[in-house]
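[1] got a predicted structure here, sequence first:
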Amino acid sequence: MQPSLPADAPRIRRAGPDDADSWVRTYLDALAATYSTLLPPEFLAQQRARACELVERYRSVFTAQRADSHRSHRAWYAEDALGAVGIVEVRTGPSGWELDRGLPPPGPRCQLVKLYTLP
């Protein structure tokens, strides 16, 4: 018999279109917490300025992932009773920035693109 999780334990579930706002906000908050001492403030400000664009992009991604039988792109959302605690994004093939720079595709068929948790 498996032990049951406490009622307030975080839950991880597939991200859906209705999660796009919170997913992006969680990503940007975690990005800031992770890199604020390593990167110039302008970088984080630029990322926050793209929030609306990212929400629309991820809303489309989350909608498309439901119909994607090849599982080329997957995103998850972790939350507890108080709200978001983390995000995960996995996809096949190279990322856009890798293609833009002419980098060869990664060796593995699938790559972890984002894994962030809030402090």
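    Looks like it came in fine.
[2] helices along the chain, start to end?
    Under the criterion DSSP state H, the chain carries helices at the ranges 20-35, 41-49, 51-67, 96-100.
[3] so Ala78 bridges to which residues?
    Note on Ala78: beta-bridge partners by DSSP bridges are Ile12, Gly86.
[4] can you get me a residue count around it?
    Ala78 has 18 neighbours, counted by other Cβ atoms under 10 Å. Just so you know, the C-beta spots here come from the backbone N, C-alpha and C atoms, and that holds for glycine as well.
[5] returning to that earlier point: any idea which of the helices of the chain scores lowest on pLDDT?
    Mean pLDDT across these is lowest at helix 96-100; the value there is a mean of 72.
[6] among the helices of the chain, which is nearest Arg14?
    Evaluated over those, closeness to Arg14 peaks at helix 51-67, with 7.5 Å, by Cβ to Cβ.
[7] what's that closest one in contact with?
    Identification of contacts with helix 51-67 by Cβ atoms under 8 Å, 6 or more residues apart in numbering yields 14-17, 19-21, 23-25, 27-28, 71, 73-75.
[8] ok, back up a step: Glu79: which of the helices of the chain is closest?
    Nearest to Glu79, of all those, is helix 20-35, at 8.2 Å by Cβ to Cβ.
[9] got the angle for that closest one vs helix 41-49?
    Orientation note: helix 20-35 sits at an angle of 170 degrees relative to helix 41-49 (axes from the mean of the first three to the mean of the last three Cα atoms, to 10 degrees).
[10] which parts of helix 20-35 are buried?
    When neighbours are counted by 16 or more other Cβ atoms under 10 Å, the buried residues of helix 20-35 are found to be 20, 22-32.
[11] cool, and stretch 84-96?
    By 16+ other Cβ under 10 Å, the buried positions in stretch 84-96 come out as 84-91.
[12] between the residues you listed, which is closest to Ala49?
    Distance from Ala49 was checked for each of the buried residues of stretch 84-96 by Cβ to Cβ. The minimum falls on Ile87, at 19.4 Å.
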